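Trainee: Turn this into a structure:
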Amino acid sequence: MYADSASTTKMSENVLRGMTPFLIENYANPSSIYRNGREARKALEQSREKIAKILGASAGEIFFTSGGSEADNWAIRGVCNRLKKEGKNHIISSAFEHHAVLHTLQAMEKEGFSVTYLDVYRDGIIKIKDLERAITKSTALVTIMYSNNEIGTIQPIEEIGEVCRENGVIFHTDAVGALSSVKFNLKEQKIDMLSASAHKVHGPKGVGALYIKKGLKILNLIEGGAQERNRRAGTENVAAIVGFGIALEETQKEIDQKNRRLLAMRNRLIDGIMKIEKTILNGHRVKRLPGNINVCFEGIEGESLLLRLDSEGICTSSGSACTSGSLEPSHVLLAIGLSHEIAHGSLRITFDQNNTEKDVDYILDKLPKVVDNLRSMSPIWKTQKLPIQNPF
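Mentor: This next block holds a predicted model:
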């Protein structure tokens, strides 16, 4: 039973069907001038137009990348390295961004930039007043993710965009996790750059996009060819780009209805999980993605929890980074104020349109038993003190 859609999603059958002709039949280079090349170019540009329309942008503002991480790197480096020449060497972000952003910012600090990391507090949401106080005359960019990839909290994007616009600061948002659940109108939201990725919306892996507002100057990502209007060289992945367009269109169709169903499932699952003794919900109870549940269990280690759930046929993830070989817990959970001990016992469950009420029933049947069993083997869980549960 798959409950890790925030990690990746199953490719839609319609997406696969739409991609197949450009893998085995019309595999021509879209830069070629003969008919097959022109047809490949046409399909690529149709996908660009489709994605732009969904985001409330124009086709000329959409640039395809290899994924969300590349888009984040390009947005941050492309703008800041250009504006540094004008004395703009300050960047504002949040303390719990995706590592594609955080590691880029850390690298840029070594290159002479200064970075302010806004607090995200216990509910996982920044405060607009903190942002307003952080902006200076040297601020080049504000980069704050639309929704957090671990705890699912949604930031006040339109308010952030308004503050940035009033202060003449460029605003970038990593919207990879929000694409499946949020309606966009980039012009109204005053977003200058937005990162997106296909594999979080039932599309293929290895393709993403960066929205760059018309008129915004940004340094090229890759030199060496005229692709993506001379900004990112390299032969385009036509099949994946076509798949991205189909996937995003499918995901956004009847999105309100899908969100209502996911919201009901999420709330029922949260209510059931919170009945487990010494459990805490991470992030705002309401202002979060409809399919996201992130909790911590006192006295539990995340890796053990994941393995036990896997043995029950449940695929989930943990805020603990132990599964990637690190002894450090999730930086997201530390940023919202959890102790290392509590953060190590986190569980992230993320649903998408393929999940059903039966999945909720199955988790609520198996999870309490797994937690009880792991705690029965832990000599320390009764000695730990859980932080006050948030009221959200």
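
Trainee: what about this protein, any weak spots by pLDDT?
Mentor: Along the chain, segments meeting pLDDT under 70 span 319-327, 380-392.

Trainee: where along it do the strands fall?
Mentor: 62-65, 90-94, 114-118, 139-143, 170-174, 193-197, 208-212, 279-281, 292-297, 346-350 (DSSP state E).

Trainee: Can you tell me the strand partners of the fourth one and which way each runs?
Mentor: Same thing as strand 139-143. For strand 139-143, the paired strands and their directions (DSSP bridges) read strand 90-94 (parallel), strand 170-174 (parallel).

Trainee: Ok, which of the strands of the chain comes nearest residue 222?
Mentor: Between residue 222 and the strands of the chain, the tightest spacing by CB to CB is seen for strand 62-65, at 9.7 Å. Yep, even glycine has a C-beta here, placed from its N, CA and C like the rest.

Trainee: For that closest one, name the packing helices and strands.
Mentor: On a contact count with 3 or more CB pairs under 8 Å, 6 or more residues apart in numbering; DSSP states H and E, strand 62-65 meets helix 35-55, strand 208-212, helix 227-230.

Trainee: and these, which is most packed in?
Mentor: Each of the helices and strands packed on strand 62-65 was scored by mean neighbour count; the highest is strand 208-212, a mean of 27, by mean count of other CB atoms under 10 Å.

Trainee: if we can go back for a sec, let's have the strands of the chain in CSV, adding distance to residue 187.
Mentor: CSV is the format used below for these (distance: least, CB to CB, whole Å):
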stretch, distance to residue 187
strand 62-65, 14
strand 90-94, 22
strand 114-118, 25
strand 139-143, 18
strand 170-174, 13
strand 193-197, 12
strand 208-212, 11
strand 279-281, 35
strand 292-297, 27
strand 346-350, 29
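
Trainee: Could you list which residues are in contact with residue 159?
Mentor: residue 128 (CB atoms under 8 Å, 6 or more residues apart in numbering).

Trainee: For residue 131, see how far away residue 219 is.
Mentor: Distance, residue 219 to residue 131, using CB to CB, to the nearest Å: 25 Å.

Trainee: Can you add distance to residue 303 and give the helices and strands packed on strand 62-65 back as CSV?
Mentor: Formatted as CSV, the helices and strands packed on strand 62-65 follow (distance: least, CB to CB, whole Å):
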stretch, distance to residue 303
helix 35-55, 37
strand 208-212, 29
helix 227-230, 40
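
Trainee: how about these, which one is nearest residue 247?
Mentor: Residue 247 lies closest, by CB to CB, to one member of those: helix 35-55, at 9.7 Å.

Trainee: quick one: that closest one to chain centroid distance?
Mentor: With CA atoms, centre = their mean, to the nearest Å as the basis, helix 35-55 stands 25 Å off its chain's centre.

Trainee: So which elements touch it?
Mentor: Helix 35-55 packs on strand 62-65, strand 193-197, helix 238-252, going by 3+ CB pairs under 8 Å, 6+ apart.

Trainee: closest to residue 86 out of those?
Mentor: strand 193-197 (17.7 Å).

Trainee: so how far is residue 148 from the most centrally placed residue in the chain?
Mentor: Compute the mean C-alpha point of the chain, and by CA atoms, centre = their mean the closest residue is residue 177, 2.9 Å away. Applying CB to CB, the value for residue 177 to residue 148 is 7 Å.
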